[in-house]
Every structure is written in C-alpha cells, then in structure tokens.
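**Q** I would like the atomic coordinates for the input below:
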Amino acid sequence: MMPSREGHCFHGTTILAVRRGEQLAMAGDGQVTMNQTVVKHHARKVRRIYNGRIVVGFAGATADALTLSEKLEAMLERYNGNLTRSAVELAREWRTDKNLRRLEALMLAADRSGLFLISGSGDVIEPDEGVLAIGSGGVAAQAAAKALLDHTTLDARSIAEKAMAIAARICVFTNDTVHIEEM
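**A** Next up, the predicted model:
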C-alpha cells in the first residue's frame, strides 16, 4: 500500500514501469475496489497522453488521476514536451495550489528518455535502476521486476507482465487483468 500525504493508503491499484535499454513498458492492473468490494475488473489505469509521446499511470482516486493527467498534459504543451520540466512544474503546482493539494493520487510518467514518480508532496523521483511502481501491489511488482531485470534477459514487456502476475498473487487489491503501454 502506498501512503498518501495524510496517511491514507491507496488500495486497488498496481502500476509498474520497467525500462530495459531503449524499451519501456508501463503496466496497470484492472481492479477497482471500494472498501473491501471489487467493483470493476478491467479498468484502464495506464494511458498515453501528449500525442502518444508520454505514458502515464495512476494510483488513487480516479477523478484526481484524470485531473492530474490533464494538468500534466497542459504542462507538456507549455514546455514543448519536456517531461522533466513538466513533471517538476506539476509537482510544484500540486504541492502549492490550495485545490490541487487535496488530490489523492500518485503518478508515474515516462517518455523515451525519462521515467518519473510524481507526488503531491513535491516529489519528482527518477529511479536508479529503471523500475518504479506505485499502489497497493507496487512493492511486490517492483521487487519482482528488479529480480527479473537482474537475472534474466527478458524484454521490458515480459518483465512487466511477469512482475504484475506475481503482484496479483500476493496483493488482494491487484488482479491479473493487465493493460500495458510500450515505448
């Protein structure tokens, strides 16, 4: 589970991004829960924005995630597709804006050269090893992906698929319906 700024935990989502060489795969499970009830099995939590050049994935409240996606896309327009600058500016605005501050979500964003975790507390984190994960099954998915990166020659998509399958076997808030976007 991923704690939010107020200490709440985001349930029902696992988002994993894996970069191997020039390949990037971002995967999201399809399960949506409300409290202890599964209400949807095939949600799409990973998508492309900015004319298909950026892949984003979200953990948290759906409306908040969509708001953040729109804000990131506006930043990308403002900064000519520069993901690093856009991520920093989004995190700054998210942290300081009275209304945005209330949003409960985390975001992964990637393009051909960058991969970032963006949070409302002002974090813009780029991983050392090319793997990031968020959501309730994020720790399991990230651990599995790192092990597969270190001990196999699998491509990014295969690593994401296998790591998400492992997370689904461990985390009750993660299912095995996975949507993957690749670059």
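
**Q** who's in contact with residue 40?
**A** If you count contacts by Cβ atoms under 8 Å, 6 or more residues apart in numbering, residue 40 has them with 30, 31, 32. Where you see a C-beta, it was placed from the backbone N, CA and C, and this is true even at glycine.

**Q** And the pLDDT at the nearest residue in space to the first one that is not next to it in sequence?
**A** Which is residue 30. Nearest in space to residue 30, with sequence neighbours left out and distances taken as Cβ to Cβ, 6 or more residues apart in numbering, is residue 177 at 3.5 Å. At residue 177, the predicted lDDT confidence score is 88.

**Q** For this protein, give me the ranges with low pLDDT.
**A** 1-12 (pLDDT under 70).

**Q** gap between the closest residue to residue 114 other than its chain neighbours and residue 124?
**A** Spatially, and ignoring its direct neighbours in sequence, residue 114 is nearest to residue 83 (4.9 Å; Cβ to Cβ, 6+ apart). Residue 83 sits 10 Å away from residue 124, going by Cβ to Cβ, to the nearest Å.

**Q** again, but for residue 111
**A** For residue 111 relative to residue 124 (Cβ to Cβ), the value is 14 Å.

**Q** Might one say that the residue nearest to residue 114 is in contact with residue 54?
**A** Yes - in terms of Cβ atoms under 8 Å, residue 83 counts as a neighbour of residue 54; the distance is 6.2 Å.

**Q** which residues are common contacts for the two?
**A** With Cβ under 8 Å, 6+ apart, residue 83 and residue 54 have common neighbours 76, 109, 110, 111.
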